[in-house]
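Asks: Fold the stuff below for me.
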Amino acid sequence: MAERSITDSDGRAHPCECVHVTDAHAAKPALPAPAGELPTGFFELIDDLKAIVSQAHVRAQLKVNTEMICMYWDIGRTLLDRREREGWGAKVIDRVSVELRTAFPNQRGFSRTNLKYMQQMARLWPESIGQQVAGQLPWGHLQLLMDKCKTRFELDFYAQHAVHFGWSRNRLDTEILGRLHLTQGAAANNFDVTLPEQSAAATEVVKDPYHLDFTRLTKDHSERDLEDALVANLVQFLTELGVGFAFVGRQYPIKVGDQEYRIDLLFYHCRLHRYVVIELKTTKAEPEHIGKLGFYVTVVDDLVRDKERDDPTLGILIAKSRHPGMAEYALQSNNAPLAISTYAALPEEMRALLPSAEDLSRVAYGVPVTTEAPVPAGRRGQ
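Replies: Predicted coordinates:
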């Protein structure tokens with residue numbers, strides 16, 4: 001027993017006796033062992049154990065999501081079968097919604113709208129959804145696919161890509177709007193000859209056209225204007241290029257002998273483990289453009305690439321337009337893996353309707369923006 005003083009609410013000190021009481025049931029705090037007593041590799045072990053626990057949590061969440069999607073499909077299939085067999089009208093769905101929500105008051109998802117989506121899912125995927133890649137997607141992703149995709153091919157294409165690349169719902173929406181299923185792999189290329197064993201993978205990373213609406217360039221823009229706009233909007237440009245691209249530099253210098261050359265844009269593709277040279281042309285693609293791109297690819301392959309770790313460099317020419325015959329012959333005459341693509345921007349009349357950067361900044365600071373109707377050309381100055 002030891003004596004000490006305590007202070008009451010008035011600030012006065014009083015002596016007291018402290019008695020130490022031992023509670024056999026009291027929880028003892030876990031104290032870290034002294035560093036000197038820990039074996040070598042202890043913290044690496046802890047990291048491994050944390051990874052095991054985290055992965056188990058993720059698998060459990062995915063399992064719960066898959067079970068819910070399977071339940072939705074079963075409900076949709078059952079409703080479709082009953083309607084077809086007994087000719088029930090659409091109003092029955094309202095009563096089904098009420099009954100399910102009453103029976104399961106703590107469970108969401110049984111609204112009239114959701115029940116219609118469930119029937120649509122069972123109609124679009126007649127086979128059990130749990131056996132298909134779409135069954136791994138969240139419900140919000142599936143609703144988006146059902147709203148935006150017109151064919152089974154589109155449904156499966158975007159479902160596979162969303163699962164493989166872990167797309168968010170917003171990213172999935174962006175790719176659907178950009179019609180990735182039509183642009184991916186559509187660029188003219190010679191990968192089947194120059195990269196026979198990796199042709200399919202390389203073809204997947206090139207598009208035609210690239211949608212560069214975010215640059216908001218005027219009709220008569222220069223190559224430097226285009227390059228500046230792409231670098232200024234780098235995050236959006238990387239999104240348009242696709243998963244795996246990492247920016248290395250613009251006007252990237254390469255020296256051959258005593259002559260220095262500059263590459264418009266240099267990227268590294270993390271999944272393919274190779275550099276990607278991009279040259280920009282605001283005119284129609286010409287054979288000499290392909291020759292210059294092939295030269296840059298060969299130099300990067302020899303002077304920049306780590307030959308022990310990196311696969312051969314790719315080259316992509318992004319031009320305003322291209323002639324199919326010219327592209328075919330130009331690619332056949334070059335031994336470097338090259339692709340020729342085009343880019344699309346917003347039409348001039350649509351661009352004029354968009355708010356300017358100044359308008360957006362005024363809105364951000366709460367300053368009213370005055371909008372005036374455009375004056376017809378024939379009435380200006382009257």
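Asks: And for residue 198, nearest residue in space, chain neighbours not counted?
Replies: Excluding the flanking residues, the one nearest residue 198 by C-beta to C-beta, 6 or more residues apart in numbering is residue 311, at 7.0 Å. (Glycine included, C-beta is placed from N, CA and C.)
Asks: Next, the contact list for that neighbour, please.
Replies: 198, 272, 273, 274 (C-beta atoms under 8 Å, 6 or more residues apart in numbering).
Asks: can we see that at 7 Å?
Replies: Counting by C-beta atoms under 7 Å, 6 or more residues apart in numbering, residue 311 touches 272, 273, 274.
Asks: and the closest residue to residue 115 other than its chain neighbours, how many neighbours?
Replies: Spatially, and ignoring its direct neighbours in sequence, residue 115 is nearest to residue 93 (5.3 Å; C-beta to C-beta, 6+ apart). The number of residues packed near residue 93 is 18, by other C-beta atoms under 10 Å.
Asks: list the contacts for residue 93?
Replies: So residue 93 contacts 112, 115, 116 (C-beta under 7 Å, 6+ apart).
Asks: Make a PyMOL selection of the buried ones in these.
Replies: Buried members of the contacts of residue 93, defined by 16 or more other C-beta atoms under 10 Å, are picked up in PyMOL with:
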select buried, resi 115+116
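Asks: nearest to residue 82, of the contacts of residue 93?
Replies: Relative to residue 82, the closest of these is residue 115; by C-beta to C-beta it sits at 12.3 Å.
Asks: what's the helix or strand for that closest one?
Replies: Taking DSSP states H and E as the criterion, residue 115 maps to helix 112-124.
Asks: From the contact counts, what lies against that helix?
Replies: Packing contacts for helix 112-124, counted by 3 or more C-beta pairs under 7 Å, 6 or more residues apart in numbering; DSSP states H and E, involve helix 42-86, helix 91-103, helix 139-148.
Asks: which other helices and strands contact the longest one?
Replies: The elements that helix 42-86 packs onto, with contact taken as 3+ C-beta pairs under 7 Å, 6+ apart, are helix 112-124.
Asks: got the buried residues for the helix it packs on?
Replies: 114, 115, 116, 117, 118, 119, 120, 121, 122, 124.
Asks: What angle do helix 139-148 and the helix holding residue 115 make with each other?
Replies: 70 degrees (axes from the mean of the first three to the mean of the last three C-alpha atoms, to 10 degrees).
Asks: average pLDDT across helix 112-124?
Replies: The average pLDDT within helix 112-124 is 92.
Asks: Can you name the residues in contact with it?
Replies: Contacts for helix 112-124 (C-beta under 7 Å, 6+ apart): 72-73, 75-77, 79-80, 93-94, 96-97, 129, 142-143, 146, 152, 155.
Asks: what's the offset of it from the middle of its chain?
Replies: Averaging C-alpha positions (C-alpha atoms, centre = their mean, to the nearest Å) puts helix 112-124 26 Å from its chain's average.
Asks: circling back to that earlier point, can you tell me which of the helices and strands packed on helix 112-124 is packed in deepest?
Replies: Stretch with highest mean neighbour count among the helices and strands packed on helix 112-124: helix 139-148 (a mean of 17; mean count of other C-beta atoms under 10 Å).
Asks: can you map out the strands along the chain?
Replies: 2-7, 13-18, 188-189, 210-211, 245-256, 259-269, 274-280, 314-319, 338-344 (DSSP state E).
Asks: looking at the ones you listed, which is closest to residue 53?
Replies: That would be, of the strands of the chain and by C-beta to C-beta, strand 245-256, which comes in at 30.5 Å.
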